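[1] For reference, the sequence and a predicted model appear below.
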Amino acid sequence: MRQHTPVVVVVGTGGTIAGEAAHAGDPLGYTAATLGIEALLDRLPKRPEARLEAEQLMQRDSKDMSAEDWQALALRLGEHLARPEVGALVVTHGTDTLEETAWFLQRVLEPRLPVVLVAAMRPATSLQADGPQNLADALTVALDAAARGRRGVMAVMAGRVWEARGLRKGHTFRLDALQGGEAGALGAVEAGSVRWWRESTDTPGLPDVQRQRALSAPPGAWPRVAVVSSHAGSDGSEVAALLTAGFQGLVVAGTGHATVHHRLQAALDQALLAGSPPPAVWIGSRCPAGDPAATIRGLPVQEGSTEVPALTVWQARVELQLRLLG
Ligand code: SIN
């Protein structure tokens, strides 16, 4: 452990973890993002080993997250990361797009400290509220990771610690809705202590130019990237429609081992031949688990960046958007 008491900044962004329902027995009919971060922390036992600072940055249902929100969050977290007294950051967030925010933050911030995202599947008013335990676990993980020199963006939920890469919301209702790729969880939190099972994948940050653009480009000017899916009966007609609407990148949720219906493939080939410039096209899998789900293959989108990281299609959409910013 460090000799001094580290500051842990807990930043609230909304989500079900801050949600309230009219009836404690109602797990679904609630409004996300209503309770403040101070109220969530007040429900937890005191943490003498840390100096907690709470900050409400926004109140969002994470399905509504925007590029402006990501920029505001990354800029604020970057300010806290630069403070020498800060040992770790915790961010409360909705589960719905947590995987996208996690990847964005990892790539844009490349944090020198642990940044632990935490969420819940039941609102704070529920008989089954999982937020308090998840938040307590996130603080435990943040402090333990800081003491061990672990760094990077992680997520904590239902007693598991996940890295940003490959993270996904894999269930609509269960309390352990977050899942990772084939590499599995980083560790577990049990009865107030963390058992680490493996190291995080080494995920570098963006080159400086792209990082600066991600933090400062007006969100309206961000490259537009869509996810399209391959399915029985695909005719590929959405490709031309999206390109006409100004999309510069397409991530294809392909079948199985990232295969694509021949009609959709023909439409993509046509767009790549005729486009000026051609769109960036990455192809992944719509399978929720297994290696193909974490493998994106694609075409070079710029000089020197032909390597495409193993990501889910949802995270690949964020990654492609960031690369096209360069
Ligand atoms: C949200 O993503 O903000 C709402 C759903 C959730 O947190 O589980």
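    Yep, that arrived. Residues are numbered from 1 along each chain as shown.
[2] tell me the SS of A142?
    Following DSSP: H, G, I helix; E, B strand; the rest coil, we place A142 in the helix state.
[3] Run through the residues of the chain sitting next to the ligand.
    For the chain, the contact set with the ligand under C-beta under 6 Å from any ligand atom comprises 14-16, 32, 61-63, 94-96, 119, 121. Where you see a C-beta, it was placed from the backbone N, CA and C, and this is true even at glycine.
[4] what helix or strand is the closest residue to the ligand within the stretch 201-326 of the chain on?
    Nearest residue of the stretch 201-326 of the chain to the ligand: W314, at 13.2 Å (C-beta to the nearest ligand atom). Using DSSP states H and E, the element containing W314 is helix 313-325.
[5] which helices and strands sit right next to that helix?
    Under the contact definition 3 or more C-beta pairs under 8 Å, 6 or more residues apart in numbering; DSSP states H and E, helix 313-325 sits against helix 98-109, helix 208-216, strand 225-229, strand 249-254, strand 280-285.
[6] Now do the buried residues in the last one.
    In terms of neighbour count (16 or more other C-beta atoms under 10 Å), strand 280-285 has its buried residues at 280-285.
[7] Walk me through which strands it pairs with, and which way each runs.
    In the sheet, strand 280-285 lines up against strand 249-254 (parallel), strand 297-298 (antiparallel) (DSSP bridges).
[8] okay, these in CSV with mean pLDDT and mean neighbour count next?
    What follows is the strands paired with strand 280-285, written out as CSV (pLDDT from 0 to 100; neighbours: other C-beta atoms under 10 Å):
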stretch, mean pLDDT, mean neighbour count
strand 249-254, 94, 26
strand 297-298, 62, 18
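[9] Could you spell out which stretches of the protein belong to which domain?
    For the chain, the structural domains run 7-196, 223-324, going by automatic domain parsing.
[10] Report the angle between the helix holding W314 and strand 225-229.
    In terms of direction (axes from the mean of the first three to the mean of the last three C-alpha atoms, to 10 degrees), helix 313-325 departs from strand 225-229 by 150 degrees.
[11] Give me the residues contacting helix 313-325.
    The contact list for helix 313-325 (C-beta atoms under 8 Å, 6 or more residues apart in numbering) reads 99-100, 103-104, 107-108, 165-168, 206, 210, 213-214, 217, 222-227, 248-249, 251-253, 280, 282, 284-286, 296, 298, 301-302, 305, 308-309, 311.
[12] Stretch 106-120: which residues count as buried?
    106-111, 113-120.
[13] Endpoint to endpoint, it covers what distance?
    21 Å (C-alpha to C-alpha, to the nearest Å).
[14] about what we covered before: highest average neighbour count across the domains of the chain?
    For these, the largest average neighbour count (mean count of other C-beta atoms under 10 Å) is found in domain 7-196, namely a mean of 20.
[15] before we move on, the earlier item: could the buried residues of strand 280-285 go into CSV alongside pLDDT and distance to A142?
    CSV is the format used below for these (pLDDT from 0 to 100; distance: C-beta to C-beta, whole Å):
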residue, pLDDT, distance to A142
A280, 91, 36
V281, 91, 38
W282, 90, 33
I283, 89, 36
G284, 89, 31
S285, 88, 33
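[16] Since that was my last question, I'll sign off now.
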